[in-house]
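> what's the 3D shape of this:
(one chain, ligands or ions: 1)
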Amino acid sequence: MLLPKAYVGFKIQDVALKILEGNVDLEVWEQDEAPPRETLLTDLKDMEGLLSGITIRVDEELMGAAPNLRVISNYAVGYDNIDVAAATKRGICVTNTPEVLTNATADLTFALILTSARRIIEASAYLRAGDWKVWTPEALVGREVAGSTIGIIGLGQIGQAVAKRAHGFDMNILYYNRTRRQDVEAVVGAKYVKIDELLRESDFVTIHCSLDASTRNLIGEHELRLMKKTAILVNAARGAIVDQRALYRACSEEWILGAALDVFESEPVPLDEPLLSLPNVTTVPHIGSASRGARDGMAMRSAENLLTALRGRRPRDLVNREVWKKD
Ligand code: DGY
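Below is the predicted model of the structure:
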């Protein structure tokens, strides 16, 4: 039997290969570096399926080079790396991996909140530099997290999981979402406010919306200037939601207390990025979903979505539902 051809754009875990092998004629890009554009344009020529990730830009040009493509299965919950409108026009299914990384990303968000509020990285460096000569009441004093106000931008699954954690810390929970989520407000104990009010009132502002044209640079100079001088901005969603130049000024000129970032406008973030020079900015390399459980879940879910679509069935996590006219 002729198997459908599919391309996996990065080294994927065995749990995904087990699902695909024997069912798909598979080609896997085995190197750590993302495949060069020219290679992708050639390699996708006959492919019916693509298992992509956030390092692969899937645009009109790439889809044009893959006339047989029927499914783009993204190994991520976010899919801003894919031109979904172009895929829909071509009748290509786009899928993502929701749910499996919700807890991991919410946990990392809280790790960032606690790390920056309690100056953990600075404290660790202080100890190792031999500066811990004596315990004093004022050394490395940070912000109290319990009982403070958190402002969640984007109350989707990850935003809700962050709210649940905030509840455990007795925090006052505000949220802003494109559409008000009255259905979950009571469940997670969050109060809907306009974005300006959220920025003015919150001690911690944390971003969990997706990146699209309406959220690009959502947080710029105007918004950062609305925040409290004692507030911390956390971003574990997408770098381009925040204007990095404005954030640098906000942190270096102390409009706000600091920031904690898992994501950047350009990734991997260049080492000469000015934000990296600031002691009040905590940075990690896009590890929101980097727990064993989440990553294996993403691998399996993206493989299942790919296989289901290649078998002509509606994949579980179809993003562009309008493409599925068969039901
Ligand atoms: C996602 O799933 O969108 C993450 O950012 C990648 O881990």
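> Can you pull the residues of this protein lying near the ligand?
When proximity is defined as Cβ under 6 Å from any ligand atom, the chain approaches the ligand at 54, 76-78, 101, 288-289. Using the backbone N, CA and C atoms, a C-beta is placed for each residue, glycine as well.
> Strands along the stretch 51-200 of the chain, start to end?
Under the criterion DSSP state E, counting those that start in this stretch, the stretch 51-200 of the chain contains strands at 71-74, 93-95, 149-153, 172-176, 190-192.
> most neighbours per residue, which of those strands?
strand 71-74 (a mean of 28; mean count of other Cβ atoms under 10 Å).
> That one - contacts with which helices or strands?
Helices and strands touching strand 71-74, by 3 or more Cβ pairs under 8 Å, 6 or more residues apart in numbering; DSSP states H and E, are strand 49-52, strand 93-95, helix 292-310.
> Report the mean per-residue pLDDT for the last one.
Helix 292-310 shows an average pLDDT of 98 in the prediction.
> center of this structure - which residue?
Centroid-nearest residue in the chain: Ala237, 3.6 Å away (criterion: Cα atoms, centre = their mean).
> any idea which helix or strand carries that one?
According to DSSP states H and E, Ala237 maps onto no helix or strand at all.
> That one against Ala76, yeah?
No. Counting by Cβ atoms under 8 Å, Ala76 is not a contact partner of Ala237; they are 11.5 Å apart.
> What residues sit buried inside stretch 81-98?
For stretch 81-98, burial by neighbour count (16 or more other Cβ atoms under 10 Å) applies to 81-84, 86-88, 90, 92-98.
> Next: stretch 269-276.
For stretch 269-276, a neighbour-count test (16+ other Cβ under 10 Å) marks 269, 273, 275 as buried.
> same check, this time on stretch 250-260
Buried residues in stretch 250-260, counted by 16+ other Cβ under 10 Å: 250-251, 255-260.
> State the pair within those residues that is farthest apart.
Across the buried residues of stretch 250-260, the longest distance by Cβ to Cβ is 15.9 Å; it joins Trp255 and Ala260.
> Thr282: how many residues sit nearby?
23 (other Cβ atoms under 10 Å).
> Skipping adjacent residues, who's closest to it in space?
Excluding its sequence neighbours, the residue lying closest to Thr282 (Cβ to Cβ, 6 or more residues apart in numbering) is Ala260, at 4.1 Å.
> Could you tell me which of the buried residues of stretch 250-260 are located in strands?
Among the buried residues of stretch 250-260, DSSP state E puts 258-260 in strands.
> from those residues, which single one is nearest the ligand?
Nearest to the ligand among those: Ala260, at 15.5 Å, using Cβ to the nearest ligand atom.
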